[in-house]
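Asker: following is a predicted model, sequence given first.
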Amino acid sequence: MKKMLITGSAPLLLIAGFLLLYSRWNAAPPERTCASCHEISNMVDIWGKSTHRNIACKECHGTALSEGIHSLKEKGKMVFHHNSKIWSGDIAISEDQRMKVLQRCTGCHQTEFAGWNSGGHAMNYSELFLNSTHNKTETISEDCLRCHGMFYDKSSVADIVEPLDSAGPWKLKDTKLADRPAIPCFSCHQVHQSGNPGERQNLSNPSSLHYSRSKQTLTSFFYRRTNTYFPVLLLASPEITFQSASVKISHDPNQRLCIQCHSPNAFNMSGSSDDRTPLGVHEGISCLACHDPHSNSAMASCKNCHPAISNCKLDVEQMNTTYKDPSSVNNIHFVACTDCHSMGRPAKRF
């Protein structure tokens with residue numbers, strides 16, 4: 001009887017031992033767990049220099065058991081390589097896992113998430129790939145994934161939507177994708193990127209506060225084909241022309257990120273394709289001079305530079321400045337002095 005009890009309790013002891021070891025592993029600091037594994041040493045090194053270096057890996061990535069089959073498979077690849085020395089490919093985070101991380105981002109970045117969620121970049125797969133107005137104008141192609149759905153796990157846009165023509169009707173091949181964000185936070189933000197956590201300013205010398213303020217540029221462009229992030233400081237500003245003349249582009253590094261998706265055609269002609277680089281009276285200013293970086297809203301931007309009533313006795317906030325209205329002569333991106341003053345500069349009244 002005693003032998004039977006010992007034999008029967010052995011599996012329970014093994015399970016209890018595993019759970020104890022698993023709990024201790026998750027409670028241990030990252031440098032003794034994730035950071036100790038050289039298979040992901042590159043990501044760990046970047047994390048150690050990032051603004052998130054004081055946040056444990058599990059706070060964003062969860063644990064091996066909490067992330068399902070994909071996470072267990074990736075952990076298995078690490079163990080296999082560690083013991084066999086046979087490289088089985090880079091450790092990859094799936095799109096499903098990214099969406100879980102996205103939800104965890106809201107724990108700290110609630111304001112930024114609320115802004116993003118209310119803006120145009122929060123569009124989901126259904127709103128994007130089933131937009132009949134857009135699909136009839138521009139045929140769905142592989143290049144769509146360069147800016148929308150860039151983290152989609154499969155290789156082709158044909159795996160997302162059908163048919164790939166301008167006739168339709170269109171439908172998603174996997175209805176589970178319908179509500180999935182097509183441009184999540186990671187499209188512009190590389191979580192593992194060098195930076196410094198925010199610190200309270202030194203108030204002991206108020207006169208130096210202005211000079212001690214430093215603004216970090218932590219945005220990046222994710223290039224799907226190579227699964228690589230390019231920080232905006234490494235991106236080049238394209239040469240954009242209007243009527244054969246070069247267009248002045250803002251020196252704001254984030255402008256280079258906007259142009260990656262809101263870009264002109266292959267000839268770099270201003271206003272072509274999705275380009276919205278400012279011309280006319282706004283030439284040279286940054287997108288972020290008007291657009292909130294997360295919600296994209298520009299509703300309150302006019303009054304930042306203009307009086308409510310202009311010298312022409314016009315309320316600039318009541319003008320039709322929208323990009324979407326082709327009849328607008330005050331399109332905020334391309335409005336020029338001659339759009340209102342076709343006869344030249346008016347004479348001074350005083």
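Answerer: Sure, I can see it.
Asker: tell me, please, where in this protein the pLDDT is lower than the cut-off.
Answerer: Scanning the chain for pLDDT under 70 picks out the ranges 1-10, 13-31, 34-35, 38-39, 87-91, 210-215, 311, 348-350.
Asker: what about the helices in it?
Answerer: 2-27, 41-48, 57-61, 68-84, 95-105, 110-117, 125-129, 132-137, 209-212, 253-261, 302-305, 337-340 (DSSP state H).
Asker: would JSON lines of those helices with distance to Leu235 and mean neighbour count be doable?
Answerer: Every C-beta, even on glycine, is put in place using the N, C-alpha and C of the backbone. Output for the helices of the chain, formatted as JSON lines (distance: least, Cβ to Cβ, whole Å; neighbours: other Cβ atoms under 10 Å):
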{"stretch": "helix 2-27", "distance to Leu235": "38", "mean neighbour count": "10"}
{"stretch": "helix 41-48", "distance to Leu235": "19", "mean neighbour count": "16"}
{"stretch": "helix 57-61", "distance to Leu235": "25", "mean neighbour count": "17"}
{"stretch": "helix 68-84", "distance to Leu235": "30", "mean neighbour count": "14"}
{"stretch": "helix 95-105", "distance to Leu235": "22", "mean neighbour count": "16"}
{"stretch": "helix 110-117", "distance to Leu235": "21", "mean neighbour count": "15"}
{"stretch": "helix 125-129", "distance to Leu235": "24", "mean neighbour count": "20"}
{"stretch": "helix 132-137", "distance to Leu235": "26", "mean neighbour count": "12"}
{"stretch": "helix 209-212", "distance to Leu235": "28", "mean neighbour count": "9"}
{"stretch": "helix 253-261", "distance to Leu235": "4", "mean neighbour count": "20"}
{"stretch": "helix 302-305", "distance to Leu235": "26", "mean neighbour count": "12"}
{"stretch": "helix 337-340", "distance to Leu235": "31", "mean neighbour count": "13"}
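Asker: nearest to Val281, out of those?
Answerer: For the helices of the chain, distance to Val281 was read as Cβ to Cβ. The smallest value, 6.1 Å, belongs to helix 337-340.
Asker: about what we covered before: any chance of the helices of the chain in a markdown table, plus distance to Val232?
Answerer: Output for these, formatted as a markdown table (distance: least, Cβ to Cβ, whole Å):
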| stretch | distance to Val232 |
| --- | --- |
| helix 2-27 | 35 |
| helix 41-48 | 16 |
| helix 57-61 | 22 |
| helix 68-84 | 29 |
| helix 95-105 | 19 |
| helix 110-117 | 17 |
| helix 125-129 | 24 |
| helix 132-137 | 27 |
| helix 209-212 | 23 |
| helix 253-261 | 4 |
| helix 302-305 | 23 |
| helix 337-340 | 31 |
